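**Student:** coords below, sequence missing:
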């Protein structure tokens, strides 16, 4: 167990606190969420909340872990893994980048980066909840596509990260440097389709292009 886990004490109202915090963080963001609001939403006292999470950052990262898993599960349930790679990759990239570009996803990234030097465990949690989760999810799909003769991938982990980075092309830099904070569906679609085309050109065997959205 790492230092972050050591500082979190679980009890019978732990899940109640997390659900209340999730509601407030998604509604108000990290900066706008107050401990008073979280405690009220969760139906617990501030003392109870602090007994579980002595720091709001720890609470946010615990909520973030759950939200990343929730998003991954939702994407896996919504995507038909039997479809051709171009279709599956497009839908996967769309789920991934929309979460990353969301206010919650941006808060998660910025807090983790800002606090990693002081709290290295937060950075590790962000990596495990974000990039590592994307890697494992995509690798699972690659196994299926490889077994069907649709993809030929030697280094599945590297390919997963390559695809994730392709999906952020042009969007990520503009976002983190404050050039642009919101992106249209057309802008996102353009980047994801470019990512899929490039990935399929490198790793695809029988990969028809996805139908237009």
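**Tutor:** Received it, and whenever you're ready, just let me know what you need. Everything quoted here is computed from the prediction, not taken from an experiment. Residues are numbered from 1 along each chain as shown.
**Student:** residues near residue 61, how many?
**Tutor:** Residue 61 has 25 neighbours, counted by other CB atoms under 10 Å. For glycine as for every other residue, the C-beta is placed from the backbone atoms N, C-alpha and C.
**Student:** specify the helix with the largest residue count in the chain.
**Tutor:** Scanning the chain for the longest helix, with DSSP state H as the assignment, gives helix 56-78.
**Student:** between the helix or strand that comes right after it and helix 56-78, how many degrees?
**Tutor:** Next in sequence after helix 56-78, counting helices and strands by DSSP states H and E, comes helix 85-101. Helix 85-101 runs at 160 degrees relative to helix 56-78, counting by axes from the mean of the first three to the mean of the last three CA atoms, to 10 degrees.
**Student:** re earlier: mean confidence for the longest helix of the chain?
**Tutor:** Across helix 56-78, pLDDT averages out at 82.
**Student:** tell me what it is packed against?
**Tutor:** helix 14-32, helix 85-101, helix 103-115, helix 120-129, helix 131-147 (3 or more CB pairs under 8 Å, 6 or more residues apart in numbering; DSSP states H and E).
**Student:** try it again with 10 Å
**Tutor:** helix 3-6, helix 14-32, helix 35-42, helix 46-52, helix 85-101, helix 103-115, helix 120-129, helix 131-147 (3 or more CB pairs under 10 Å, 6 or more residues apart in numbering; DSSP states H and E).
**Student:** starting at the chain centroid, how far to it?
**Tutor:** 7 Å (CA atoms, centre = their mean, to the nearest Å).
**Student:** what are the buried residues along it?
**Tutor:** Neighbour-count burial for helix 56-78, counted by 16 or more other CB atoms under 10 Å, picks out 56-68, 71-72, 75.
**Student:** what are the contacting residues of stretch 78-85?
**Tutor:** Residues outside stretch 78-85 that contact it (CB atoms under 10 Å, 6 or more residues apart in numbering): 87-92, 94-95, 137, 140-142, 144-146, 148, 150-151, 196, 199-200, 203-210.
**Student:** make it 7 Å
**Tutor:** 88, 91, 92, 141, 144, 145, 150, 151, 200, 204, 207, 208 (CB atoms under 7 Å, 6 or more residues apart in numbering).
**Student:** just give me the closest of the residues you listed to residue 18.
**Tutor:** Checking the contacts of stretch 78-85 against residue 18 with CB to CB, the nearest one is residue 92 at 26.5 Å.
**Student:** what's the local residue count around that closest one?
**Tutor:** Using other CB under 10 Å, residue 92 is surrounded by 26 other residues.
**Student:** next one: it from residue 35, what distance?
**Tutor:** 36 Å (CB to CB, to the nearest Å).
**Student:** cool, residue 91 as well?
**Tutor:** Using CB to CB, we find residue 91 at a distance of 38 Å from residue 35.
**Student:** these two: who's more crowded?
**Tutor:** Per other CB under 10 Å, whichever of residue 91 and residue 35 has more neighbours is residue 91, with 18 against 15.
**Student:** ok, that one - contacts?
**Tutor:** So residue 91 contacts residue 79 (CB under 7 Å, 6+ apart).
**Student:** next one: residue 104
**Tutor:** If you count contacts by CB under 7 Å, 6+ apart, residue 104 has them with 25, 26, 67.
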